[in-house]
Each structure stands twice: as structure tokens, then as C-alpha cells.
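In: fold the following.
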Amino acid sequence: MKATLMMNRKKIIFILFSLLAVYAIWNARNLLLGPEIDFIEPVNGATITDNPVFTQGIIKNASFITMNGYRIYTDKSGFFREEVGLYPGYNIIEVVAQDRFGDSIQKTIRLYYSGKVPELKFGSTSTSTIERQELETILE
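Out: Sure, this is the predicted structure:
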């Protein structure tokens, strides 16, 4: 009788420790998987007519995030929304997320901007027609 009681206690302790181990592994899965990047908009390969464009997405398990080399931040749920100016033609938006262990992931969106060159202003007056044409030629 006493031996049966001891076996039951060992089984119960084993089951409790097993459940605790499964719980710990389940909660540590985010640390083990590393950072994730999911873009909401714009869609990769899209043709854009508005400038600037808002880039939105969700980043998980990251402690340091950059977009085109500039640091960006997320809210508590991992959502980010950043305004990006586009050049006429082909544009690349690159997001890199790194976790606190040094693991990183990079995702890239390629866009085509078919709109006009924005009018640049220097000081209080807008650029002249000649300057604007020169800038458009350089940017093409």
C-alpha cells in the first residue's frame, strides 16, 4: 500500500514537471523563432502614383528595427507606419529587424513610382523652370 502511494506521488510529480516543461517551451517559442516582418502595405511590385507613400506592417520579436537605414519604432502590438518619399521610377524599401540575441531578418519591397517629380523649393521661392528640368534629368 505504501509502495503504491509512493508510485502515485512520483507519477504526479513527473506529470507536473512535464506540464511545466511544455509550458516553458511554449512560451519561449517566440525567442527561439527570432524576429518576423509582415508588410500590410504597399504590396511588393506595386505601381504607386502618390508620393510620399505610407509603409505599414507588423514586426514581432524585435528589439532594433531599421527602414532604409533609419531607425523606426513600433507600438506595443508591433505595428509600424512610416512615411517614405519615392523617386521617379524603381524604388526599394528595406526593413531589417534584429532581436536582442543578434538574430536578424530582412524584408524588401520593390515599388515603381510613376508620378511626377515633386517641385523642390529653395527658401521662399520655388525653383525656376530650368532648374526643375535639370533636376528631372538628373533623377531620371
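In: so what are the domain limits for this protein?
Out: 1-33, 34-139 (automatic domain parsing).
In: pLDDT (mean, whole number) over the shortest one?
Out: This points to domain 1-33. For domain 1-33, mean pLDDT rounds to 74.
In: span of stretch 84-100 from start to end?
Out: 27 Å (C-alpha to C-alpha, to the nearest Å).
In: and it, what's buried?
Out: 84, 86, 88, 91, 93, 95-99 (16 or more other C-beta atoms under 10 Å). Every C-beta, even on glycine, is put in place using the N, C-alpha and C of the backbone.
In: how about the strands in this structure?
Out: Using DSSP state E, the strands of the chain run over 36-41, 47-48, 53-60, 64-67, 70-72, 79-84, 89-98, 104-113, 121-122, 125-126.
In: pull the third one out as PDB, backbone CA atoms only.
Out: Presented in PDB, the C-alpha positions along strand 53-60 are these (Å, rounded to 0.1, in the frame of the first residue of the first chain):
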ATOM      1  CA  VAL A  53       3.800  56.500 -49.600                       C
ATOM      2  CA  PHE A  54       3.000  55.100 -46.200                       C
ATOM      3  CA  THR A  55       4.600  51.700 -45.400                       C
ATOM      4  CA  GLN A  56       2.700  49.700 -42.800                       C
ATOM      5  CA  GLY A  57       3.300  46.300 -41.200                       C
ATOM      6  CA  ILE A  58       3.700  44.200 -38.100                       C
ATOM      7  CA  ILE A  59       7.100  43.200 -36.600                       C
ATOM      8  CA  LYS A  60       7.300  40.600 -33.900                       C
END
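In: just to revisit the earlier point, I'd like the strands of the chain laid out as JSON lines, including mean pLDDT.
Out: Listed next are the strands of the chain as JSON lines, based on pLDDT from 0 to 100:
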{"stretch": "strand 36-41", "mean pLDDT": "92"}
{"stretch": "strand 47-48", "mean pLDDT": "91"}
{"stretch": "strand 53-60", "mean pLDDT": "93"}
{"stretch": "strand 64-67", "mean pLDDT": "94"}
{"stretch": "strand 70-72", "mean pLDDT": "94"}
{"stretch": "strand 79-84", "mean pLDDT": "93"}
{"stretch": "strand 89-98", "mean pLDDT": "94"}
{"stretch": "strand 104-113", "mean pLDDT": "94"}
{"stretch": "strand 121-122", "mean pLDDT": "58"}
{"stretch": "strand 125-126", "mean pLDDT": "50"}
